[in-house]
Structures are given as C-alpha cells and as structure tokens.
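Asker: Pasting a predicted model and its sequence here:
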Amino acid sequence: LQVIYWLMRSFTAFLAIALVVIFQPELRRALAALGSQHIFSSTSHSREMIELLTDTAFDLSNRQFGALIAIERDTNIVSFAESGVTIDCEVSQELIVTIFHPKTPLHDGGLVIRNDRIQSAACIFPLSQRHDLDRNLGLRHRAALGITEESDAVAIVVSEETGFVSICHRGRIERNFDPDGFKSRLNELLLLKPHEEPDSKQLGSKTRLPDDRNNALVPDQEEH
C-alpha cells in the first residue's frame, strides 16, 4: 500500500503537467476568450460600412489583390491589432486597396477594423491547426480561420490567385460569393445578434460552393 500510495502521489504531479501540455491549444483559446470579453460591448457596425466593405472586397477581387480583413465583434482582438502597424483612421475603399497593393509595405498581413475604423494593418493572425482542411488552402485563408477560432471576429479573404471572395466566422469558411450574397451575409453576421444569426444550412442560395465535392476547401462543409 505504501508503494501504491507513492506511485499515485507521483503520478498526480505529472498528470497535472501532462494535462496542461496536452490541452495547451484549448486552454490558450479559452483564456484568450475569457480575457478579451467586453464587459459592455462597444463594437458597432453600420449598413454604410457593409456597403463599403462589399465594394472594396470586389474591387480587390477584380484587381487580383490578395486581402485579409478582420472585423471585431464582441470579443476584443486588440492583441492581434497590436502585432501590426497602428493606423487608427476612418475606413475608405481607396485606403484599403492601397494597403493591399502588392508593392506596398503593409500588404502582407491582416487588417483589423474596430468600431467602423481601421485599427491596424500588417497584423499577424494565428494560423488554424485543423488537419481536415484542403491542402490548396493558403496561409491567408488559414489565418482567417485562425482568428475566427480564437474570437468571434468575422474575417474577409480575397484570394490573390483566383479572386474568390470568402467569409470566415466561428472557425468556418464560406466562399465564392457574388456581391449581393456577400453583402447579405455580412448584414446577417454584423448587424444581427448572435442568437439571431441564421443556421449555415440556410446559406445555399447565397453561397456558391464547388460542384466537385473532392475540391471543397473544407471537406465537412455541406453543399446546397
């Protein structure tokens, strides 16, 4: 019994350390979400902002400029904004297109919008570590999924290679929007309260997914 007691006591000490190591990603995300929640949410978005973002996203798409834009909702993402260059100015289509021009210093990285203002550019977002993603998914899309896995932000991605416009939220990706579907989806995500957001099964008429199931960016995403 003394030997068993000694083994159990030693094992308990190592078990606590092992649990922290094994569940480190989950603990980090939980602590980040807990520490960044607003006591009184001050984040607001307007329909004019959504119109501007729609025009900007498809302007970038037509120019074949890659872009990554994170829009803060209830969870504070200041820690990610601080990893980039502080701008703190009003949002404008011309400014965003200039930032993501391939020959500008700030084009490589993410742009953070908070309270309808550009907070920072060239920000570093965490990459999603999911193993079920298609290998054709680039770092820009993985970064968009990563920040939406660690916060409730909405991320807009414009592919530099294809010009496709995608939306990421809550660790999910919706892609190949047309301007009307894109604007409608942003309205649902940014203007409705979380409990009012429609289920993803209702998005079939708004999102065009690839016809070939094997080429889907996210294999477990349902087709409609």
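Answerer: It's in.
Asker: Confirm that Arg9 sits in a helix.
Answerer: Yes - checked against DSSP: H, G, I helix; E, B strand; the rest coil, Arg9 lies within a helix.
Asker: Provide a list of residue ranges in this protein with pLDDT below threshold.
Answerer: The chain contains residues with pLDDT under 70 at 25-26, 29-45, 192-224.
Asker: Spell out the residue ranges of the helices in the chain.
Answerer: For the chain, helices defined by DSSP state H occupy the ranges 2-22, 24-35, 47-63, 78-81, 93-99, 139-150, 179-191.
Asker: With distance to Val165 as added columns, please give these in TSV.
Answerer: Any C-beta I mention is one placed from the backbone N, CA and C, and that applies to glycine too. Shown next, in TSV, are the helices of the chain (distance: least, C-beta to C-beta, whole Å):
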stretch	distance to Val165
helix 2-22	38
helix 24-35	27
helix 47-63	5
helix 78-81	21
helix 93-99	13
helix 139-150	12
helix 179-191	6
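Asker: Kindly tell me how buried the nearest residue to Phe164 once chain neighbours are set aside is, as a neighbour count.
Answerer: The shortest distance from Phe164 to any non-neighbouring residue, by C-beta to C-beta, 6 or more residues apart in numbering, is to Asn176 (5.3 Å). Counted with other C-beta atoms under 10 Å, residues neighbouring Asn176 total 16.
Asker: Going forward, the N-terminal residue is numbered 263.
Answerer: All right, first residue 263 from here; so that's Asn438.
Asker: Would you mind measuring from Asn438 to Phe320?
Answerer: The spacing between Asn438 and Phe320, counted by C-beta to C-beta, to the nearest Å, is 12 Å.
Asker: Overlap in contacts, the two.
Answerer: Any residue near both Asn438 and Phe320 by C-beta atoms under 8 Å, 6 or more residues apart in numbering counts here, and that gives Val427.
Asker: check contacts around Phe444.
Answerer: Thr316, Ala319, Phe320, Val427, Ile429.
Asker: Which pair of those residues spans the longest distance?
Answerer: Phe320 and Ile429 (12.9 Å; C-beta to C-beta).
Asker: More neighbours: these two, which one.
Answerer: Taking Phe320 and Ile429 together and counting by other C-beta under 10 Å, Ile429 has the greater number of neighbours (24 against 18).
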